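Trainee: predicted model follows, preceded by the sequence.
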Amino acid sequence: MAGLVAHMRRLAHGESGSAVTIFALALPAMLALVGGALDYAAVMREQNRLQSAADATALAIAREMTIGPMTPDRVQNLATTYALANNADVARASGTLVENGMAVQVRLQKPAEPPLGVLSVLGGVSDLAASATARVTASSTPTKLCVLSLGERTNGGIFMHNGAAVTAPQCMLQSNSRVREAVIIQQGSRLSANLTCARGGIANSAGTVQTTLLTDCPPIPNPLDQKPEPSISGSCLFNNLKVRSQERRTLSPGVYCSGLTVEDNAQVTLLPGIYIFRGGPLVVRQNAEILGQGVTLMFSGRKAYFRFLDNSLVKLSAPVSGATAGMLIWESKSFVKGLNSWQNGGCGGNRDDDDDDNGALGCTVRTVGNALPKKTNEHHINSDRARELTGTIYLREGLLLIDSRRPVADQSPFTVLVVNKLDLYDGPNLTLNANFSGTPVPVPPGLGPIGAKNVRLGM
């Protein structure tokens, strides 16, 4: 019995030694298998990130194609810029125009960096690559940039409230605001345009939409930012001029200090030239009329805004030549936002009060149902007869509120709005014609035809 036990012990010891030997021989393969699996999972995660970056880069470039022409050099530069923004580890990015310039192909490449290095040694994996193609659809009709909202924060955007309408079938509308509600289309509102593009998001609350809605668009630089301004200096031609009752008056270009008011049944005809409203508003209200061809209305200093109110008749067109050719209304760089400005938290105010600038609390809130209060303390078109506004309205800092009950600008060959913010309330129909050839009034550079829309990823 003792001999048998000893033999069993020797056999067990021999089997144990064989198992250890086998395990030792198999260990490298097991480690390689486990390490390879871990490396593979890490590399696949990075590959997916790279593909997402390629998709996002291609889409971003295609969105740029909707707002302006592309060159091969610009596509390459944008590919590098957007690729780095989407994936900081990209080593090489290329962008190429394909399909007759209606698509962009992006290729990204970066080193593979598996955490254990097993996949690199055993699998020969050294680089990762991803590609994506994004296409745009050619527009059947030339598109013009008719509305550009410059504001990049919550104080910018295109807002349509309470049954407001925009009729602009040949036009593009662009909001540079980065917020989720860069364009708001409330229930009952109607939007007809060729393309509506927002840097941020578009909130459509059951509005009627006949347009292509595109979000995450690149911002459009202010095309008028470097346009030379005419001199706004000079002595005052009038101080706080008021034209009232049945008076008929013809006014000459010059500096109008502390404002010009046309009211009752008065009529003012503006001779061609530049009218500078310094430190005071232009107010046309009640049944008054203001007429002028070849005119530019410039607003300089504090409380310098325009208000076309009530049943006033407004028939204005911009110059066809000279320093202000095409510019109908121009908010100069010397414009100063009032204490009660919408950008300074002002709550609105009484639209008929020329002195409602006593700070954020010095005004009366005019609400519309549960909507935000109207900001009636700046540029304001309330008139039911403001139907001819031919040219460009440029409000680089200001708010334009339109709450007329009838169409606005519908009798103009074209009207272009470059404003900080556009608010439409209470059922106006802002009609933006784009018949550029129907008038000798020129369109400023940078607001011309755009030829593509409908961005999509493809194979």
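Mentor: Right, received. Where do you want to start? Numbers count the residues shown, from 1 in each chain.
Trainee: which residue ranges form the helices in the chain?
Mentor: 2-65, 72-86, 118-123 (DSSP state H).
Trainee: what comes up buried for the second one?
Mentor: Think helix 72-86. Buried residues in helix 72-86, counted by 16 or more other Cβ atoms under 10 Å: Arg74, Val75, Gln76, Leu78, Ala79, Thr80, Tyr82, Ala83, Asn86. The C-beta positions use only the backbone N, C-alpha and C, and glycine is treated the same way.
Trainee: so for the third one, what's the pLDDT?
Mentor: With respect to pLDDT, Gln76 has a value of 89.
Trainee: next up, the contacts around the nearest residue to it once chain neighbours are set aside.
Mentor: Nearest residue to Gln76, sequence neighbours excluded (Cβ to Cβ, 6 or more residues apart in numbering): Gly95, at 5.1 Å. Gly95 sits next to Thr57, Ile61, Val75, Gln76, Leu78, Ala79, Thr80, Val104, Gln105, Val106 when contact means Cβ atoms under 8 Å, 6 or more residues apart in numbering.
Trainee: which residue lies closest in space to the fifth one, excluding its sequence neighbours?
Mentor: In other words, Leu78. Leu78's closest residue in space is Ile61 (Cβ to Cβ, 6+ apart), at 4.9 Å.
Trainee: so that neighbour sits against Gln105, correct?
Mentor: No. Shown here, Ile61 and Gln105 do not form a contact pair, counting by Cβ atoms under 8 Å, at 9.7 Å.
Trainee: okay, these two: which has more neighbours?
Mentor: A direct count of neighbours by other Cβ atoms under 10 Å for Ile61 and Gln105 places Ile61 higher, at 29 against 21.
Trainee: that one and Thr80: what is the separation?
Mentor: Per Cβ to Cβ, to the nearest Å, Ile61 is found 11 Å from Thr80.
Trainee: for Lys333, same thing?
Mentor: 34 Å.
Trainee: about what we covered before: what is the nearest of the contacts of Gly95 to Gly207?
Mentor: Among the contacts of Gly95, Ile61 lies closest to Gly207 (Cβ to Cβ), at 29.9 Å.
Trainee: quick one: contacts for that closest one?
Mentor: Met70, Val75, Leu78, Ala79, Tyr82, Gly95, Val104, Val106, Ala134.
Trainee: point out the least confident one among those.
Mentor: Lowest pLDDT among the contacts of Ile61: Met70, 75.
Trainee: quickly list what the residue lying closest to that residue once chain neighbours are set aside is bridged to.
Mentor: Nearest residue to Met70, sequence neighbours excluded (Cβ to Cβ, 6+ apart): Leu97, at 6.2 Å. Here Leu97 sits in beta bridges with Val104, going by DSSP bridges.
Trainee: wouldn't Leu97 be in contact with Leu78 here?
Mentor: No. In this structure, Leu97 is not within contact of Leu78 by Cβ under 8 Å, at 11.0 Å.
Trainee: tabulate the contacts of Gly95 (TSV), appending distance to Ile402.
Mentor: Formatted as TSV, those follow (distance: Cβ to Cβ, whole Å):
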residue	distance to Ile402
Thr57	38
Ile61	35
Val75	38
Gln76	42
Leu78	36
Ala79	41
Thr80	42
Val104	38
Gln105	43
Val106	41
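Trainee: from the residues you listed, which is closest to Ile158?
Mentor: Ile61 (24.5 Å).
Trainee: give me the residues contacting stretch 217-224.
Mentor: 60, 63-64, 66-67, 145, 148, 150, 152, 174, 176, 197-199, 392, 394, 396, 418, 444-447.
Trainee: same thing with stretch 400-411?
Mentor: With Cβ under 8 Å, 6+ apart, stretch 400-411 has contacts from 164, 167, 374-376, 378-389, 393, 415, 417, 419, 421-433.
Trainee: ok, and for that stretch, which residues are buried?
Mentor: In stretch 400-411, the ones that count as buried by 16+ other Cβ under 10 Å are Leu400, Leu401, Ile402, Asp403, Ser404, Pro407, Val408, Ala409, Asp410, Gln411.
Trainee: could you list the domains of the chain?
Mentor: Listed by automatic domain parsing, the domain ranges of the chain are 2-137, 141-458.
Trainee: worst average pLDDT in these?
Mentor: Looking at those, the bottom one is domain 2-137 with a mean of 70.
Trainee: show me what contacts Ser334?
Mentor: Ile232, Ser300, Gly301.
Trainee: neighbour count for those - can I get that in JSON lines?
Mentor: Formatted as JSON lines, the contacts of Ser334 follow (neighbours: other Cβ atoms under 10 Å):
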{"residue": "Ile232", "neighbour count": "18"}
{"residue": "Ser300", "neighbour count": "22"}
{"residue": "Gly301", "neighbour count": "17"}
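Trainee: now distance to Val243 too, for the residues you listed, in JSON lines please.
Mentor: Compiled in JSON lines, those are given as follows (distance: Cβ to Cβ, whole Å):
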{"residue": "Ile232", "distance to Val243": "22"}
{"residue": "Ser300", "distance to Val243": "21"}
{"residue": "Gly301", "distance to Val243": "21"}
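Trainee: ok, these vs Gly273, which is closest?
Mentor: For the contacts of Ser334, the nearest to Gly273 is Ile232 (13.3 Å; Cβ to Cβ).
Trainee: does that closest one really touch Trp330, like I thought?
Mentor: No. With contact defined as Cβ under 8 Å, Ile232 does not count as touching Trp330 (9.8 Å).
Trainee: overlap in contacts, these two.
Mentor: Met298.
Trainee: distance check, the residue nearest to Asn382 when sequence neighbours are not counted against Gln226.
Mentor: Spatial nearest neighbour of Asn382, chain neighbours left out: Leu309 (4.6 Å); criterion: Cβ to Cβ, 6+ apart. For Leu309, the distance to Gln226 equals 33 Å [Cβ to Cβ].
Trainee: more neighbours: which of the two?
Mentor: Set side by side, Leu309 and Gln226 show more neighbours around Leu309, with 21 against 8, by other Cβ under 10 Å.
Trainee: give the phi and psi angles for the more buried one, as a check.
Mentor: With angles defined as degrees, to the nearest 10, Leu309 sits at phi -120, psi 160.
Trainee: swap in Arg406?
Mentor: The phi/psi pair for Arg406 (degrees, to the nearest 10) is phi -130, psi 170.
Trainee: residues in contact with Gln297?
Mentor: Check again: residue 297 is Leu, not Gln. Counting by Cβ under 8 Å, 6+ apart, Leu297 has contacts Tyr275, Phe277, Leu282, Phe306, Leu316, Leu328, Ile329, Trp330.
Trainee: what's the closest non-adjacent residue to the fourth one?
Mentor: What sits nearest to Phe306 in space, not counting adjacent residues and going by Cβ to Cβ, 6+ apart, is Leu282, at 4.5 Å.
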